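Enquirer: Here is my input; please provide its structure:
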Amino acid sequence: MTGTTPGTPSLLRVMNDRAALDLLLEHGPLSRTRIGRLTGLSKPTASQLLARLEAAGLVVASGTAGGRPGPSAQLYGVNPRAAHVAGLDVTPGGIVAAVADLTGEVIGSHELPYAEGTGAVDRVTLALGGAVKDAGLQRSDIHRVVIATPGSFDPRTGALRYADHLPGWHSPTLLEELAAALPMPVEYENDVNLAAVAEQRLGAARGHGDFVLLWNEEGLGAALVLGGRLHRGWTGGAGEVGFLPVPGHPLVRQVTQVNSGGYQELAGVQAVPGMAAALGIGVPPGAAAAQPAGPGAGPAVTPLATPVSTPVATAVALLAQAAGHPEGANLLLLRQYATALATGIASLVAVLDPEIVVLSGAVTAAGGDPLRELVEAELADLAPSRPRLVSGTVRDRPVLRGALESALAATRDEVFDTSRR
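Expert: Numbering: from 1, shown residues only. So this is what the prediction gives:
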């Protein structure tokens, strides 16, 4: 923070400004009186604060509060056009991009399917450009971009690791090329980590400082949040639990070459059809056409959801069918899959001792409460501590939503710092 000295009136003004802006984000438009009550400021001080923020372009008058005797009170809200951010979800199938205003509302989106012969930089700029155009903005209006990818960029080398299946993203100069092509600050984050950000800010993990999110779609992955912050590890690979050696499956060696590991083979999406077939359960008709929300989804962009791979759709259909009628062979399928999932979660719980475990992704979601309850029961037998298992509540493009939330957090810290003005 610049231009302030601890304990001075200028510092207190900056702190009060930020407190008021955060309240407007949380509650929506408020009157002077209501802001004064929530902040503990006197009416004159609250009036001065709002006048100051309005002059800075951070708040705008947004209607009046009626329904009471006497004159209607003027309401004030955060100026949504004070800044804009973008989030991109990069998958082997393409890129989904979205633009949000400062309040977090998605105002533009674009989907760009993967096409042979186009480079990663071109695809990113095209996807971002499409979302910016859909929002009615210029690229220069975007304050920050967060890009979600499978795997992670090694902070020492800049190389993308743990994502051999992502075409065109393995050039040693890729980050430099993207920085040259994009005029705004750009951050890169693992897709599962961003799903955890979405749950932490908007969903099942709100108010929890220590939790694990287990993502289950094309691959198994985990996000680790410790003390309220993401734990990424030395190379950015913390949470790549698909490589975890587990009992119940032979050791997988040279895991980075085969891009799989024991836990992925035991409890990944590809294991569900085999379990079902062994129990005499057939794949429901139309399973290959199912379209569960992919890891990049977010509010207001549901029409952009792309069809997922047949193994995911098949597993989703089988588990949804079993959860809908959890008896006989269906119940056995849920129990077997719950045991497989709990085997890996138990290792995470033994090491991290989280407060809660969030189950996210279309495959686990398809099993609903019956699967979650069975996993929790198995975990009680396998793990020394017993964290509460909860289902993720950000169901619509959680990774893209997490990318936007991450970009908004950094942008608000900059824009809301009135000491800079």
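
Enquirer: Just the helices from the stretch 101-250 of the chain, written as ranges.
Expert: Secondary structure of the stretch 101-250 of the chain (DSSP state H, counting those that start in this stretch): helices at 120-134, 174-181, 191-202.

Enquirer: Figure out which of those is closest to Arg52.
Expert: Arg52 sits nearest to helix 191-202 of all the helices of the stretch 101-250 of the chain, at 27.4 Å, using C-beta to C-beta. (C-beta placed from N, C-alpha, C; glycine too.)

Enquirer: which stretches of the stretch 201-350 of the chain have low pLDDT?
Expert: 257-258, 288-309 (pLDDT under 70).

Enquirer: and the helices of the stretch 101-250 of the chain, which is most packed in?
Expert: Sort the helices of the stretch 101-250 of the chain by mean neighbour count, taking mean count of other C-beta atoms under 10 Å, and helix 191-202 sits at the top with a mean of 27.

Enquirer: How about residues contacting the strand or helix carrying Ile35?
Expert: According to DSSP states H and E, Ile35 maps onto helix 32-39. Outside helix 32-39, the residues within contact range by C-beta atoms under 8 Å, 6 or more residues apart in numbering are 16, 19-20, 23-24, 27, 30, 41-43, 45-47, 49-50, 73-74, 76.

Enquirer: ok, 10 Å please
Expert: Here helix 32-39 makes contact (C-beta atoms under 10 Å, 6 or more residues apart in numbering) with 15-16, 19-20, 22-24, 26-27, 30-31, 41-47, 49-51, 59, 65, 73-76.

Enquirer: In PyMOL, how would I select the buried members of the residues you listed?
Expert: To isolate the buried ones among the contacts of helix 32-39 in PyMOL, judged by 16 or more other C-beta atoms under 10 Å, type:
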select buried, resi 16+19+20+23+24+30+31+41+45+46+49+50+59+73+75+76
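
Enquirer: Among the contacts of helix 32-39, which ones are in strands?
Expert: Counting by DSSP state E, the part of those found in strands is Leu30, Ser31, Val59, Ala65, Ala73, Gln74, Leu75, Tyr76.

Enquirer: right, and the first one touches Ala61 too?
Expert: This points to Leu30. No: taking C-beta atoms under 10 Å as the definition, Leu30 is not a contact partner of Ala61, at 11.6 Å.

Enquirer: Now for these two: what residues contact both?
Expert: Joint contacts of Leu30 and Ala61 (C-beta under 10 Å, 6+ apart) are Leu50, Leu75, Tyr76, Gly77.

Enquirer: Tell me who's in contact with the last one.
Expert: Read it as Gly77. Counting by C-beta under 10 Å, 6+ apart, Gly77 touches Leu24, Leu25, His27, Gly28, Pro29, Leu30, Val59, Val60, Ala61, Ser62, Gly63, Thr103.

Enquirer: so what's the last one closest to, chain neighbours aside?
Expert: Counting by C-beta to C-beta, 6 or more residues apart in numbering, the nearest residue to Thr103 once its immediate chain neighbours are dropped is Pro80, at 4.7 Å.

Enquirer: How about the contacts made by the closest residue to Gly239 other than its chain neighbours?
Expert: Among residues not flanking Gly239 along the chain, Ala222 sits closest, at 4.1 Å (C-beta to C-beta, 6+ apart). By C-beta under 10 Å, 6+ apart, Ala222 lies in contact with 192-193, 196, 212-216, 238-242, 244, 263, 344-345, 348, 352, 357-358, 360.

Enquirer: following the helix ranked longest in the chain, which helix or strand comes up?
Expert: Ordering each helix of the chain by length in residues (DSSP state H) puts helix 328-352 first. Beyond helix 328-352 on the C-terminal side, the first helix or strand identified by DSSP H and E is strand 356-360.

Enquirer: and that following strand with helix 191-202, angle?
Expert: Counting by axes from the mean of the first three to the mean of the last three C-alpha atoms, to 10 degrees, strand 356-360 lies at 120 degrees to helix 191-202.

Enquirer: Alpha carbons of strand 356-360, as PDB, please.
Expert: Only the C-alpha atoms of strand 356-360 are listed here, as PDB (Å, rounded to 0.1, in the frame of the first residue of the first chain):
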ATOM      1  CA  ILE A 356     -13.500 -31.500   4.700                       C
ATOM      2  CA  VAL A 357     -13.100 -33.400   1.500                       C
ATOM      3  CA  VAL A 358     -15.000 -31.900  -1.500                       C
ATOM      4  CA  LEU A 359     -16.000 -34.400  -4.200                       C
ATOM      5  CA  SER A 360     -16.200 -32.600  -7.500                       C
END
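
Enquirer: in the next helix or strand after it, what counts as buried?
Expert: With elements assigned by DSSP H and E, the helix or strand that comes after strand 356-360 is helix 362-382. Residues of helix 362-382 classed as buried: 362-368, 370-372, 374-376, 378-379, 382 (neighbour count, 16+ other C-beta under 10 Å).

Enquirer: can you tell me the average pLDDT over helix 362-382?
Expert: The average pLDDT for helix 362-382 rounds to 96.

Enquirer: Following element in sequence after it, please.
Expert: strand 388-391.

Enquirer: which strands and helices sit next to that next one?
Expert: For strand 388-391, the packing partners by 3 or more C-beta pairs under 10 Å, 6 or more residues apart in numbering; DSSP states H and E come out as strand 211-216, helix 328-352, strand 356-360, helix 362-382.

Enquirer: hang on, the earlier thing: need the worst-confidence member of the contacts of Gly77.
Expert: Gly63 (81).
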